[in-house]
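Asks: Dropping a prediction and its sequence here:
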Number of protein chains: 2
Amino acid sequence: MIKLEEIRRPVGPEMKEFNRRFKDAVSSQVPLLNMVTRYVLRRKGKQMRPLFVFLSSKMTGKITDSTYTAASLIELMHTATLVHYDVVDDSNERRGAFSVKAIWKSKVAVLLGDYLLARGLLLAVQKKDYALLEIVSDASREMSEGELMQIQKSRSLNIDIETYYEVIRKKTATLIASCTACGATAAGASKEVVDKVYELGINIGMAFQIKDDLFDYQPHGIIGKPTGNDIKEK
Amino acid sequence: MIKLEEIRRPVGPEMKEFNRRFKDAVSSQVPLLNMVTRYVLRRKGKQMRPLFVFLSSKMTGKITDSTYTAASLIELMHTATLVHYDVVDDSNERRGAFSVKAIWKSKVAVLLGDYLLARGLLLAVQKKDYALLEIVSDASREMSEGELMQIQKSRSLNIDIETYYEVIRKKTATLIASCTACGATAAGASKEVVDKVYELGINIGMAFQIKDDLFDYQPHGIIGKPTGNDIKEK
């Protein structure tokens, strides 16, 4: 199986530069805010979403200043979503460490999520990257719709396969698709190419979510992935 | 004292039209989402923020299509903030009725807030009203900073008057100022005029918050306003 290391290699230097710029993008004059964002950023995950943005830009043209904006915007939005979902799931753990909610309570978690979202928006607005903003806002709308749809459907306990596909397309795949679409847009690709890599992102995202859901049926835990949680919550 | 009715009169028909457009702006294909947003909208407040937008547009030029976009964007963001703050404050009451959090739990409240925010952004992006978006995103960043600053300062219990002014400027006044600034921007006013009505909005917002905080020291309750809550929470 191909290693993440190899996938990352073509955009390695750009990902390093991205991490430097990203830290600047979230700094604030409010000390509590800096403390919390530093805590979140130290526990950064595999950064799959920025990686998709950079790879898509490089694949469809070249990496530009807009590629960095897109990657920051999406990573800020993704981090905001994770911080909010810890409140939603009442979760005290995130990426193998205490969640923001666990340490600073729901209050700070909700506000921090809102703050990170606003910073992402401002970044795109100030750079006048409006096309990226439209792709990402639309993904954001679909993600909250998907999560709410899941809540509603899980109550009635009669999810068929089509509904399952629609839920995971909305709640997971649209964000991955917005990464690939933003990457191509930032590279100056044609609408046709942007649409194609959007579809590619949808397929990657759905495959990822299906695999993630299958983990829930594993008899033994996988390192870093608690099993059975989603089943317990139905 | 001048009545709200009289203040509202110059933009009465426009406010009616606004309410019609606003309902369309939040409709969704997810039934649970429609149920919750309908519930929130039925309990709409005095709609002071859209009113400021329309009055400012009319005062500095004329009401345009962008004025409606600005009013919807700000009302969506304000509603999202209220829904989130019910989670933040663990509040079961809002505008004299049960809050979304009380009926549908934190999970739905956090997601609904995110959804409303995303709808507002999309609206502005699709109408290409980018100047409005910048004003509002900046207000959003300042608001979450202000709330977090308040949390931090209230822990240390040594708030001086300057810090109090800074907190209320950020958490309340910037949103009112974004209403007046967006109104003038939508009317096509010059940067000088926009800056002036922004300052006007800051002053109105701070006066409003000081009055609201004074309610907390009233011996008897005021209808629709629970007293002493903020003092209890320090």
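Replies: That came through fine.
Asks: Can you name the residues that contact the residue nearest the centre of chain A?
Replies: Chain A has A:His78 as the residue nearest its centroid, 3.5 Å off, counting by Cα atoms, centre = their mean. The neighbours of A:His78, taking Cβ atoms under 8 Å, 6 or more residues apart in numbering or on different chains as the test, are A:Arg49, A:Leu175. Where C-beta positions appear, they are placed from N, C-alpha and C, glycine not excepted.
Asks: Now that we're looking at it, what pLDDT does it have?
Replies: A:His78 carries a pLDDT value of 88.
Asks: same deal with A:Gly228?
Replies: For A:Gly228, the model assigns a pLDDT of 50.
Asks: can you pull out the strands in chain A?
Replies: A:93-94, A:97-98 (DSSP state E).
Asks: what is the mean pLDDT for the last one?
Replies: Right, strand A:97-98. Mean predicted lDDT for strand A:97-98 stands at 70.
Asks: what about the closest residue to A:Leu32 other than its chain neighbours, distance to A:Met35?
Replies: Nearest residue to A:Leu32, sequence neighbours excluded (Cβ to Cβ, 6 or more residues apart in numbering or on different chains): B:Gln152, at 4.1 Å. According to Cβ to Cβ, to the nearest Å, B:Gln152 and A:Met35 sit 9 Å apart.
Asks: which one of those two has more residues nearby?
Replies: B:Gln152 (16 against 13; other Cβ atoms under 10 Å in any protein chain shown).
Asks: The more buried one contacts A:Pro31, doesn't it?
Replies: Yes: assessed by Cβ atoms under 8 Å, B:Gln152 is found in contact with A:Pro31 at 6.8 Å.
Asks: Now do the contacts for the nearest residue to A:Leu117 once chain neighbours are set aside.
Replies: Closest residue in space to A:Leu117, ignoring its immediate chain neighbours: A:Ala80 at 4.6 Å, by Cβ to Cβ, 6+ apart. When contacts are counted by Cβ under 8 Å, 6+ apart, A:Ala80 is found next to A:Leu112, A:Gly113, A:Asp114, A:Tyr115, A:Leu116, A:Leu117, A:Gly120.
Asks: 10 Å instead?
Replies: By Cβ atoms under 10 Å, 6 or more residues apart in numbering or on different chains, the contact list for A:Ala80 reads A:Val40, A:Leu112, A:Gly113, A:Asp114, A:Tyr115, A:Leu116, A:Leu117, A:Ala118, A:Arg119, A:Gly120, A:Ser140, B:Asp114.
Asks: Would you mind identifying the helix or strand in chain A with the lowest mean pLDDT?
Replies: Least confident helix or strand, chain A: helix A:229-232 with a mean of 51, by mean pLDDT, DSSP states H and E.
Asks: Spatially nearest residue to A:Glu166, not counting backbone neighbours?
Replies: A:Met149 (7.2 Å).
Asks: Let me know how buried that neighbour is, in neighbour terms.
Replies: That count, for A:Met149 with other Cβ under 10 Å as the rule, works out to 22.
Asks: ok, so what distance separates it from A:Asn203?
Replies: From A:Met149 to A:Asn203 the distance is 20 Å (Cβ to Cβ).
Asks: same check, this time on A:Lys46
Replies: According to Cβ to Cβ, A:Lys46 stands 19 Å off from A:Asn203.
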